[in-house]
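Asker: just to be clear, the model below is a prediction. Sequence and coordinates:
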Amino acid sequence: MMNSYLYLAIAIISEVIATTLLPITMGFTRILPSLACVIGYGSAFYFLSLATAHIPTAVAYAIWCGAGIVLIALIGALQGNMPNLDTIFGMVLIIIGVSLINMNTPSLH
């Protein structure tokens, strides 16, 4: 079961890295950033599929999406794209929602 959460964490990190690389690909016209982006998304889906062996798909996907949204927004803030109050409130709601979904969720095995 713990491996499933490790796989989910790797999937989240891979997706965040790939999403962060998207603007650098210049519409997938730059080879190395484009290749890194494709590898990032590929590994994200691969590790998400491993995570769903023990975590229900709906729960794993909710955690993956929620964490990805919050992390991308935080990276944007570090790059100078400061979120407004509505965005911050929305991220807090995402964190609360993912926490509620994860509480008392039975494993598949």
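Answerer: That came through fine. Computed from a prediction, not measured in an experiment: that's the story for all the values here.
Asker: list the buried residues for the helix or strand in which Leu50 is found?
Answerer: Secondary structure assignment for Leu50, by DSSP states H and E: helix 31-51. For helix 31-51, the neighbour count (16 or more other CB atoms under 10 Å) marks 33-34, 36-37, 40-41, 43-44, 47-48, 50-51 as buried. For every residue, glycine as well, the C-beta is placed using N, CA and C.
Asker: then stretch 91-105?
Answerer: Judged by neighbour count (16+ other CB under 10 Å), stretch 91-105 contains these buried residues: 91, 94, 98, 101.
Asker: please save the CA atoms from it in PDB.
Answerer: The C-alpha coordinates for stretch 91-105 follow below in PDB (Å, rounded to 0.1, in the frame of the first residue of the first chain):
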ATOM      1  CA  MET A  91      -6.400  26.000  -3.700                       C
ATOM      2  CA  VAL A  92      -7.300  25.800  -0.100                       C
ATOM      3  CA  LEU A  93     -10.600  24.200  -1.100                       C
ATOM      4  CA  ILE A  94      -8.800  21.700  -3.300                       C
ATOM      5  CA  ILE A  95      -6.500  20.700  -0.400                       C
ATOM      6  CA  ILE A  96      -9.500  20.300   1.900                       C
ATOM      7  CA  GLY A  97     -11.300  18.300  -0.800                       C
ATOM      8  CA  VAL A  98      -8.400  16.000  -1.500                       C
ATOM      9  CA  SER A  99      -7.900  15.500   2.300                       C
ATOM     10  CA  LEU A 100     -11.600  14.600   2.700                       C
ATOM     11  CA  ILE A 101     -11.500  12.200  -0.200                       C
ATOM     12  CA  ASN A 102      -8.400  10.500   1.200                       C
ATOM     13  CA  MET A 103      -9.800  10.000   4.700                       C
ATOM     14  CA  ASN A 104     -11.300   6.600   5.300                       C
ATOM     15  CA  THR A 105     -10.700   5.500   1.700                       C
END
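Asker: contact partners of that stretch?
Answerer: By CB atoms under 8 Å, 6 or more residues apart in numbering, the residues outside stretch 91-105 that reach it are 55-56, 58-59, 62-63, 66-67, 69-70, 73, 83.
Asker: mind doing that once more with 10 Å?
Answerer: Outside stretch 91-105, the residues within contact range by CB atoms under 10 Å, 6 or more residues apart in numbering are 5, 55-56, 58-71, 73-74, 83.
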